[in-house]
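Enquirer: Starting from these lines, generate the structure:
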Amino acid sequence: MESREYFETLQAQADASKIAGMTNSYLFEIEGAGTWLVDVRDGAVTVTEGDGDADTTISTTKETFDKILAREQNPTTAYMTGKLKVKGDISAALKLEKLY
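Expert: Predicted coordinates:
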């Protein structure tokens with residue numbers, strides 16, 4: 001799955017039971033693919049293409065993000081090696097694993 005497809009299908013694929021109680025927003029800046037705002041509110045996910053205000057901003061390249069989606073790249077390792085950058089609420093970023 002590539003980054004664009006991931007964001008286009010995220011709303012339908014999110015497991016409401018796993019994200020119940022979460023109230024976080026994320027701005028994904030994927031170089032070479034686009035920017036998406038993902039809002040998680042108590043079991044519901046809304047995805048909007050484009051910029052917006054978010055609790056956490058995650059920046060990376062399309063290549064790195066696609067590898068993370070394919071489980072060929074560990075997100076924590078990508079962060080520690082500078083391939084993935086996180087600004088804002090780091091604890092909210094750690095909750096992202098619940099989305100997939």
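Enquirer: Which residue lies nearest the spatial centre of this structure?
Expert: Of all residues in the chain, the one closest to the mean position by Cα atoms, centre = their mean is Phe28, 5.8 Å from it.
Enquirer: so it bridges to which residues?
Expert: Applying DSSP bridges to Phe28 gives these bridge partners: Trp36, Ile58.
Enquirer: Surely it and Leu10 touch.
Expert: No: contact criterion Cβ atoms under 8 Å: Phe28 and Leu10 do not qualify, at 10.0 Å. C-betas here are computed from N, CA, C, even on glycine.
Enquirer: mind listing the helices for the chain?
Expert: Ranges of helices within the chain are 3-13, 16-19, 62-69, 75-80, 90-94, based on DSSP state H.
Enquirer: show me what contacts the residue lying closest to Leu96 once chain neighbours are set aside?
Expert: Distance criterion Cβ to Cβ, 6 or more residues apart in numbering; nearest residue to Leu96, sequence neighbours excluded, is Tyr26 at 7.0 Å. Contact analysis of Tyr26 by Cβ atoms under 8 Å, 6 or more residues apart in numbering lists 37-40, 54-58, 92-93, 96.
Enquirer: got it, and Gly50?
Expert: By Cβ under 8 Å, 6+ apart, the neighbours of Gly50 are 35-37.
Enquirer: thinking again about what came up before, using JSON lines, please lay out the helices of the chain together with mean neighbour count, mean pLDDT and distance to Glu49.
Expert: Shown next, in JSON lines, are the helices of the chain (neighbours: other Cβ atoms under 10 Å; pLDDT from 0 to 100; distance: least, Cβ to Cβ, whole Å):
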{"stretch": "helix 3-13", "mean neighbour count": "15", "mean pLDDT": "91", "distance to Glu49": "7"}
{"stretch": "helix 16-19", "mean neighbour count": "13", "mean pLDDT": "88", "distance to Glu49": "20"}
{"stretch": "helix 62-69", "mean neighbour count": "19", "mean pLDDT": "96", "distance to Glu49": "15"}
{"stretch": "helix 75-80", "mean neighbour count": "14", "mean pLDDT": "94", "distance to Glu49": "22"}
{"stretch": "helix 90-94", "mean neighbour count": "14", "mean pLDDT": "89", "distance to Glu49": "20"}
